[in-house]
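S.K.: below: sequence and its predicted model.
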Amino acid sequence: MANDSSLAELRKRIDELDDRVLELLNQRARCAQQVAEIKVAAGEADCFYRPEREAEVLQRLAANNPGPLGREAVIRFFREVMSECLALEKPLSVAFLGPAGTFTQQAAYKHFGHAIQATPLPAIDEIFRAVEGGACHYGVVPVENSTEGVITHTLDSFVRSSLIIAGEVQLRIHHHLLCKAPAALDTLTEVFSHPQSLAQCREWLDRFLPAARRTPLGSNAEAARRAAENAGTAAIAGEVAAALYGLEILERNIEDEPDNTTRFLVIGGQPVGPTGRDKTSLLLSTRNDPGALYRVIEPFARLGISMTKVESRPSRRGMWDYFFFIDVEGHQADLTVAQALAEVREQTSMMRILGSYPRALS
Ligand SMILES: C=C(O[C@@H]1C=C(C(=O)O)C=C[C@H]1O)C(=O)O
């Protein structure tokens, strides 16, 4: 009985707190609406989204969080609050590498929250075109995986496009073996998945499904759809695809590397301001001289700027001629980064800043 009364009291307290949270959330939403009015008055009516401001809000709250809620929970929660505030004015339209149920969709929701108009498109270059043509405000594309390396299609698309990078998202990728109905592993004849996912689970497949045919498909979601239609087959995909196609999870987390993570890029047309925790991506080519790449990256080392990635891709302008994709820490508006970029540019035959954007949170 004593327990019952303290339970009732706590629930009353929770109700009161919820009323206050609700009131505060609506106050916040009204403030965001007023910000939008100011933006309209300033002639910025097309898109109210400000990635640098949103990153700042999340960074500040994560740093001030006293708990017991965890950092990721706080980020996720406020991510959705901002998404809903923004959608009161005009939901962002975001193209992602579809179909529905892909990890790219998950990344789009992680970055923008769920109050967006998300459009699945079947290929990376279609996403670039949708954003370039103004059909969507932003696009989300995968760019590299910690186990399998870069997604070359995405890098190559930047060579032809004038879009810039407005953000990055990192997603821990858990692959599951999915099936229409519970089945013994040795009865499965075929496994469908995206080639990247098959590669990320290669050792597991060699060990537990050595006899099953591995069939690469355009996406994990497509693989889940095929497994749903064919008894005796399985798909490797994530939880979202399993739910979407009503599949059973036969085996969980079958990825070979426990830290398997994919990095996605947010592409758009508008430059993003600095937050103090940024990254800058470059596309450049060098003259084909001895030491050319060394001279290009030397200013970063000298000025203490950390390089987080160097990737080379054939330029398709001639044999053994390359483009380099380089990521550095910092924003192009930061003084030392600006100085380094000016020096680097002098050492290149071509250099384009693909964007400065807030570093992925958690
Ligand atoms: C409210 C603003 O506009 C949008 C909504 C934000 C929010 O809800 O906090 C933050 C940035 C913008 O995407 C703003 O620019 O401050």
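M.R.: Structure received. Note that this is a predicted model, so its numbers are computed, not measured. Residues are numbered from 1 along each chain as shown.

S.K.: would you confirm that residue 84 contacts residue 116?
M.R.: No: with contacts counted by CB atoms under 8 Å, residue 84 stays clear of residue 116, the gap being 10.4 Å. Every residue, glycine included, has its C-beta placed from N, CA and C.

S.K.: more crowded one of these two?
M.R.: residue 116 (22 against 17; other CB atoms under 10 Å).

S.K.: now do the buried residues in stretch 102-117.
M.R.: Across stretch 102-117, burial judged by 16 or more other CB atoms under 10 Å covers 102-113, 115-116.

S.K.: ok, so of those residues, who is nearest residue 174?
M.R.: For the buried residues of stretch 102-117, the residue nearest residue 174 by CB to CB is residue 103; the value is 9.6 Å.

S.K.: against residue 266, how distant is that closest one?
M.R.: Distance of residue 103 to residue 266, given as CB to CB, to the nearest Å: 15 Å.

S.K.: contacting residues around residue 71?
M.R.: Contact analysis of residue 71 by CB atoms under 8 Å, 6 or more residues apart in numbering lists 62, 65, 362.

S.K.: ok, now with 6 Å
M.R.: Applying CB atoms under 6 Å, 6 or more residues apart in numbering, one finds that residue 71 lies in contact with residue 62.

S.K.: state the number of residues packed around residue 23.
M.R.: Residues near residue 23, counting by other CB under 10 Å: 10.

S.K.: which residues of the stretch 251-362 of the chain score low on pLDDT?
M.R.: 319 (pLDDT under 70).

S.K.: quick one: the strands in it, in order.
M.R.: Taking DSSP state E, counting those that start in this stretch, the strands of the stretch 251-362 of the chain run over residues 261-268, 278-285, 307-314, 322-329, 350-358.

S.K.: wait, which of those is closest to residue 15?
M.R.: Here strand 350-358 is closest among those (CB to CB), at 36.8 Å.

S.K.: surely residue 333 is in contact with residue 275?
M.R.: No: judged on CB atoms under 6 Å, residue 333 makes no contact with residue 275 at a distance of 10.7 Å.

S.K.: comparing these two, which shows the higher neighbour count?
M.R.: residue 275 (20 against 13).

S.K.: isn't that one up against residue 54?
M.R.: No: contact criterion CB under 6 Å: residue 275 and residue 54 do not qualify, at 9.3 Å.

S.K.: a markdown table for the buried residues of stretch 102-117, including pLDDT?
M.R.: Below are those laid out as a markdown table (pLDDT from 0 to 100):
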| residue | pLDDT |
| --- | --- |
| 102 | 89 |
| 103 | 91 |
| 104 | 94 |
| 105 | 94 |
| 106 | 94 |
| 107 | 96 |
| 108 | 97 |
| 109 | 96 |
| 110 | 96 |
| 111 | 98 |
| 112 | 98 |
| 113 | 97 |
| 115 | 97 |
| 116 | 97 |
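
S.K.: and the contacts of stretch 243-259?
M.R.: With CB under 6 Å, 6+ apart, stretch 243-259 has contacts from 101, 147, 174-179, 182, 200-201, 203-204, 224-225, 228, 242.

S.K.: cool, and stretch 125-144?
M.R.: 47, 92-97, 104, 107-108, 121, 124, 150-151, 154, 157, 161, 163, 262-268.

S.K.: how far does it sit from its chain's centre?
M.R.: 13 Å (CA atoms, centre = their mean, to the nearest Å).

S.K.: can you tell if it touches the ligand?
M.R.: No: under the criterion of CB under 6 Å from any ligand atom, the ligand is not reached by stretch 125-144; the shortest gap measures 11.2 Å.

S.K.: can you give me the buried ones in that stretch?
M.R.: Those would be 126-132, 136-144, for stretch 125-144 by 16+ other CB under 10 Å.

S.K.: what does stretch 264-271 give?
M.R.: 264-268.

S.K.: would you turn the residues you listed into CSV with distance to the ligand?
M.R.: Below are those laid out as CSV (distance: CB to the nearest ligand atom, whole Å):
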residue, distance to the ligand
264, 19
265, 18
266, 13
267, 17
268, 12
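
S.K.: farthest-separated two in the residues you listed?
M.R.: 264 and 268 (13.3 Å).

S.K.: and the stretch 101-250 of the chain, which of its residues are near the ligand?
M.R.: Counting by CB under 6 Å from any ligand atom, the stretch 101-250 of the chain has no residue next to the ligand.

S.K.: so where do the strands sit in the stretch 101-250 of the chain?
M.R.: 117-121, 138-145, 149-150, 164-172, 176-179, 190-193, 213-216, 233-237, 248-251.

S.K.: any shared contact partners between residue 333 and residue 275?
M.R.: By CB under 6 Å, 6+ apart, no residue touches both residue 333 and residue 275.

S.K.: surely residue 65 is in contact with residue 74?
M.R.: Yes: if you go by CB under 6 Å, residue 65 and residue 74 touch, sitting 4.8 Å apart.
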